[in-house]
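S.K.: would you be able to build a 3D model of this:
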Amino acid sequence: MSIKRRTKSVELILNEFDKNEDAISIVHLVNKFKQRMNKTTVYRILDRLESSEVLHSFIDKDGLKRYAKAIKDSSLSKNMNQHPHFICEDCGISTCVPIEILVPSVKNFTVKRVEHLLIGQCKDCLPQRA
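M.R.: Residues are numbered from 1 along each chain as shown. Sure, this is the predicted structure:
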């Protein structure tokens, strides 16, 4: 899907994701753009980008919603919204882990989404071994 209207506000938010490969928290986005648009506009744009499958979101270890660009990898299945996310407990970066999670079928339930959050240290925060 695509965005029907690419306003200046939409472009500002999309540019933020183009500059950064990591997932970005809603708090960061609202604070970054508070001089240019109100938080309702930021939320509305993020909802549109997510429903258009340009972005996807997940809840981090602190309960904050984070957004990341949708994974477009032809070697993986079309249903890549079922993938884990990694958060560094030292520096706080968060990123998509491009591996697919198989969604189980569970009797008497319909599973629509699976979320896995991996928490640890990124390559930059790992202790250096001498």
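
S.K.: tell me the contacts of Lys69?
M.R.: 17, 21, 54-55 (C-beta atoms under 8 Å, 6 or more residues apart in numbering). Yep, even glycine has a C-beta here, placed from its N, CA and C like the rest.

S.K.: go with 7 Å
M.R.: Going by C-beta atoms under 7 Å, 6 or more residues apart in numbering, Lys69 touches 17, 55.

S.K.: which regions of this protein lie under the pLDDT threshold?
M.R.: Counting by pLDDT under 70, the ranges of the chain that qualify are 1-5, 72-81, 129-130.

S.K.: so Thr95 sits in a strand?
M.R.: Yes: counting by DSSP: H, G, I helix; E, B strand; the rest coil, Thr95 is part of a strand.

S.K.: numbering from 40 from now on, please.
M.R.: OK, 40 is where the count begins now, so the last one is Thr134.

S.K.: distance of the nearest residue to it once chain neighbours are set aside from Val150?
M.R.: Nearest non-adjacent residue to Thr134, counting by C-beta to C-beta, 6 or more residues apart in numbering: Asp61, 5.0 Å away. For Asp61, the distance to Val150 equals 27 Å [C-beta to C-beta, to the nearest Å].

S.K.: the two: which has the busier surroundings?
M.R.: Shown here are Asp61 and Val150; by other C-beta atoms under 10 Å, Asp61 has more neighbours (18 against 10).

S.K.: does the more buried one really touch Ser133, like I thought?
M.R.: Yes: using C-beta atoms under 7 Å, Asp61 is in contact with Ser133, at 5.9 Å.

S.K.: quick one: the helices in this structure?
M.R.: Here the chain has its helices, by DSSP state H, at 47-58, 65-71, 78-90.

S.K.: tell me what the second one is packed against?
M.R.: Secondary structure elements in contact with helix 65-71, counted by 3 or more C-beta pairs under 7 Å, 6 or more residues apart in numbering; DSSP states H and E, are helix 47-58, helix 78-90.
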